[in-house]
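Enquirer: A predicted structure for the sequence below; I have some questions about it.
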Amino acid sequence: MRKQMMRQMKRAQQPSQGGGMQAQLQAAMQEQVAKLQDELAGMQVEGVAGQGAVKVTVNGQRDPLAVKIDKSVVDPEDVELLEDLILTALKDALEKAQELEQTNMAKMAGGFLPPGMSLPGL
């Protein structure tokens, strides 16, 4: 009886075969996430405001890359308008970058999930 209990305790302490599979899945997902982050760094989206008078470009990781301002909205007497347009264009670009990331993450996660299952928020 005691030998049987010892064997059961040893078995309980040993990692299960499923743990190895879980580690492999986790490593594969981490590799895919790193690859996706690299891809997102190379993607660009543009936010606009004032009917295109102000444009802000960011990459898929939400890093600002460029700001373009049409001369028609540069008025020294109304700096607030220009500031508002820049903020609006930046917010638009960041929202588009977030959508781009979510779309690509959902595609990536779909390869790891059973059919019909999805991750919340994606």
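Expert: Arrived safely, thanks for sending.
Enquirer: just the pLDDT at the residue positioned nearest the centre of the chain, thanks.
Expert: The residue lying closest to the centre of the chain (C-alpha atoms, centre = their mean) is E101, at 3.8 Å. Per-residue pLDDT puts E101 at 90.
Enquirer: unless I'm mixing things up, it is touching G60, no?
Expert: Yes - assessed by C-beta atoms under 8 Å, E101 is found in contact with G60 at 6.0 Å. For glycine as for every other residue, the C-beta is placed from the backbone atoms N, C-alpha and C.
Enquirer: shared neighbours of those two, anything?
Expert: Shared contacts of E101 and G60 (C-beta atoms under 8 Å, 6 or more residues apart in numbering): L40.
Enquirer: on that earlier part again, check for me that the residue nearest to the centre of the chain belongs to a helix.
Expert: Yes - looking at E101 with DSSP: H, G, I helix; E, B strand; the rest coil, it is inside a helix.
Enquirer: what packs against the host helix or strand of L85?
Expert: Here L85 sits within helix 79-110, counting by DSSP states H and E. Using 3 or more C-beta pairs under 8 Å, 6 or more residues apart in numbering; DSSP states H and E, the elements in contact with helix 79-110 are helix 17-42, strand 44-49, strand 54-59, strand 64-69.
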